[in-house]
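Colleague: when you get a sec, could you give me coordinates for this:
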Amino acid sequence: MREVISLLLVVATCAGCNNSYKQLKKDASHAQASLTNFIGAVQSPTTNKFGFAMMTYLTSKRTHVSKLVWVSVQKYDNGVFHGAISADASLGLKTSQPFNVPATNVTDWVYFEFRKDGLHEEGNFTGTKHG
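Modeller: Below is the predicted model of the structure:
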């Protein structure tokens, strides 16, 4: 159930994602620069942190079209995130299909944390305004 809530939160927060290539490139730079924060959270999760996901470009083998997709992350080791892809029929992928993504291919990352003052989102540079 927590995974479903996490995926819904990612989709909801990214509903207004910036679409311009220039902005996406800037957002991806912020995500890469702070990726060690995400890696640390994935490698040492606590009960108040959940919904670990990262965004990457995937290319359809059928249409050769590239799209940004979210991948839920279960673990990270040796420079690679291991998780499951969000459903995207246009790329010929299935919901919960296992997927590995090298850290160098991360365009964005996000997770959620419960704190004393409520729920906080970390990351999600493409869906929020940062500086």
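Colleague: show me what counts as buried in stretch 45-65.
Modeller: By neighbour count with 16 or more other Cβ atoms under 10 Å, stretch 45-65 contains the buried residues Lys49, Phe50, Gly51, Phe52, Ala53, Met54, Met55, Thr56, Leu58. C-betas here are computed from N, CA, C, even on glycine.
Colleague: can you confirm the second one is in a strand?
Modeller: Yes. With DSSP: H, G, I helix; E, B strand; the rest coil as the criterion, Phe50 is located in a strand.
Colleague: if I look at Asp77, how far off is Asn100?
Modeller: 10 Å (Cβ to Cβ, to the nearest Å).
Colleague: the most centrally placed residue in the chain: which element?
Modeller: In the chain, the centroid-proximal residue (Cα atoms, centre = their mean) is Met54; its distance is 2.0 Å. Taking DSSP states H and E as the definition, Met54 sits inside strand 49-59.
Colleague: how far does that strand sit from its chain's centre?
Modeller: The chain centroid and the centroid of strand 49-59 are separated by 2 Å under Cα atoms, centre = their mean, to the nearest Å.
Colleague: after that strand, which helix or strand is next?
Modeller: Downstream of strand 49-59 (by DSSP H and E), the next one is strand 66-77.
Colleague: surely the residue nearest to the centre of the chain and Tyr111 touch.
Modeller: No. Contact criterion Cβ atoms under 8 Å: Met54 and Tyr111 do not qualify, at 9.5 Å.
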